[in-house]
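Peer 1: No sequence on hand, only this structure:
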């Protein structure tokens, strides 16, 4: 009997030792995983130019830019809960979140150009200093992830695209409101092209990247495809980015993003405001699928009014509508010399 008790105690002791070893092993595993995760965060942080940003923030107390941790962003979006999604884009998903008791928009990007990773911190420094009432303010970023996340001010009324193409039944967007949105968007682009230092080419101007505040004031957003103007004569060549229907044909051929590329895309936005039609209509006959091509065709035939939204077709406004149509036509010119004039026209209007 005593031998049975001893054997039982030995088994119990052995089992307890195994459990203890398992707990110790699990504890070591957790510590190592946390250490590896911390190293990975530090690697991404350094890779994206985090130290440059930190030094700038420390040296300038008035610098309104914050580097958020991955944990802060995850908590602020309830771990990127789908209920917080504000919209999807070609460069990522935008979530509504709360950081430091402030409602913000957090963009979780899909990819970042390998050649731009080291320059990301420097580019954030420049973008963060943009101060224009018609450009969405970048408040900060998170660099502890493979693809940096951007934090923007929250704009409550959604996108111009939704306002144009998903109007509530009975709602109406007046011509005056449309022209004000166009005017303020043009001012924002002119600021990026001529007043920012160095100049900034947006790279993805479209109605989905123009937000509207509570007063329907335009705010240009989403700098995921933006580049800084080259400082030498060698133009920065990149993979063509942007959105089908808005892309400048010259840009698609040369892979060289310029201010003229933004002006062309702005011309397409003008067409949306005039017509309320989609920029690409896959249900239409092949020759009529592109709104810009169709518009240029009817302009040549002097049948422009066929495309204009019925909501703004009023006799008193015809002259103004024709003037806007002519401006859109200038923006959409495709040859280099004509492109130069379209750039000048846009800046003059802004």
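Peer 2: Done, it's in. Everything numeric here is computed off the predicted structure, so don't read it as measured data.

Peer 1: Show me what the helix or strand harbouring residue 326 packs onto, helices and strands only.
Peer 2: Element membership for residue 326, per DSSP states H and E: helix 318-331. With contacts taken as 3 or more CB pairs under 8 Å, 6 or more residues apart in numbering; DSSP states H and E, helix 318-331 sits against helix 175-194, helix 259-275, helix 291-300, helix 336-349. Backbone N, C-alpha and C define where each C-beta goes, glycine included.

Peer 1: Taking helix 291-300 as reference, get the angle to it.
Peer 2: For helix 318-331 against helix 291-300, the angle by axes from the mean of the first three to the mean of the last three CA atoms, to 10 degrees is 120 degrees.

Peer 1: Next, the buried residues of helix 318-331.
Peer 2: 321, 324-325, 327-331 (16 or more other CB atoms under 10 Å).

Peer 1: Quickly name whichever of the residues you listed is closest to residue 80.
Peer 2: Taking CB to CB as the measure, residue 80 lies nearest residue 331 of these, at 37.3 Å.

Peer 1: Skip the chain neighbours and tell me the closest residue to the closest one.
Peer 2: Leaving aside its chain neighbours, residue 331 sits nearest to residue 267 (2.7 Å; criterion: CB to CB, 6 or more residues apart in numbering).

Peer 1: How about the contacts made by the closest residue to residue 88 other than its chain neighbours?
Peer 2: Nearest residue to residue 88, sequence neighbours excluded (CB to CB, 6+ apart): residue 94, at 7.7 Å. By CB atoms under 8 Å, 6 or more residues apart in numbering, the residues touching residue 94 are 85-88, 105-108.

Peer 1: Quick one: which of those is the most crowded by neighbours?
Peer 2: residue 106 (28 neighbours; other CB atoms under 10 Å).

Peer 1: Three-state assignment for that one, please.
Peer 2: Using DSSP: H, G, I helix; E, B strand; the rest coil as the criterion, the local structure at residue 106 reads strand.

Peer 1: cool, and residue 103?
Peer 2: Residue 103 ends up strand, using three-state DSSP.

Peer 1: so how far is residue 151 from it?
Peer 2: 11 Å (CB to CB, to the nearest Å).

Peer 1: Between these two, which is the more surrounded one?
Peer 2: More crowded of residue 103 and residue 151, by other CB under 10 Å: residue 151, with 25 against 12.

Peer 1: Does that one touch residue 98 like I think?
Peer 2: No - if you go by CB atoms under 8 Å, residue 151 and residue 98 don't touch, sitting 11.0 Å apart.

Peer 1: Please enumerate the shared neighbours of the two.
Peer 2: Shared contacts of residue 151 and residue 98, defined by CB under 8 Å, 6+ apart, comprise residue 104.

Peer 1: sorry, back to before: quickly name whichever of the buried residues of helix 318-331 is closest to residue 203.
Peer 2: residue 331 (16.0 Å).

Peer 1: Confirm for me that that closest one is in contact with residue 262.
Peer 2: No - with contact defined as CB under 8 Å, residue 331 does not reach residue 262; the gap is 9.6 Å.

Peer 1: Quick check: neighbours shared by residue 103 and residue 151?
Peer 2: Shared contacts of residue 103 and residue 151 (CB under 8 Å, 6+ apart): residue 97.

Peer 1: mind giving me the domain split of this structure?
Peer 2: 51-153, 160-349 (automatic domain parsing).

Peer 1: got a markdown table for those, with distance to residue 43 and mean pLDDT too?
Peer 2: Conversion of those to a markdown table gives the following (distance: least, CB to CB, whole Å; pLDDT from 0 to 100):
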| stretch | distance to residue 43 | mean pLDDT |
| --- | --- | --- |
| domain 51-153 | 9 | 81 |
| domain 160-349 | 22 | 82 |
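
Peer 1: one step back: output the buried residues of helix 318-331 as JSON lines; include the columns distance to residue 242.
Peer 2: Formatted as JSON lines, these follow (distance: CB to CB, whole Å):
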{"residue": "321", "distance to residue 242": "27"}
{"residue": "324", "distance to residue 242": "23"}
{"residue": "325", "distance to residue 242": "23"}
{"residue": "327", "distance to residue 242": "21"}
{"residue": "328", "distance to residue 242": "18"}
{"residue": "329", "distance to residue 242": "21"}
{"residue": "330", "distance to residue 242": "20"}
{"residue": "331", "distance to residue 242": "15"}
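
Peer 1: Can you tell me which of those residues is closest to residue 144?
Peer 2: For the buried residues of helix 318-331, the nearest to residue 144 is residue 331 (40.8 Å; CB to CB).

Peer 1: ok, the closest one to residue 206 distance?
Peer 2: In terms of CB to CB, residue 331 sits 13 Å off from residue 206.

Peer 1: now swap in residue 101 and tell me
Peer 2: 32 Å.

Peer 1: These two: which has the busier surroundings?
Peer 2: The neighbour count for residue 101 versus residue 206, taken as other CB under 10 Å, is higher for residue 206 (25 against 5).
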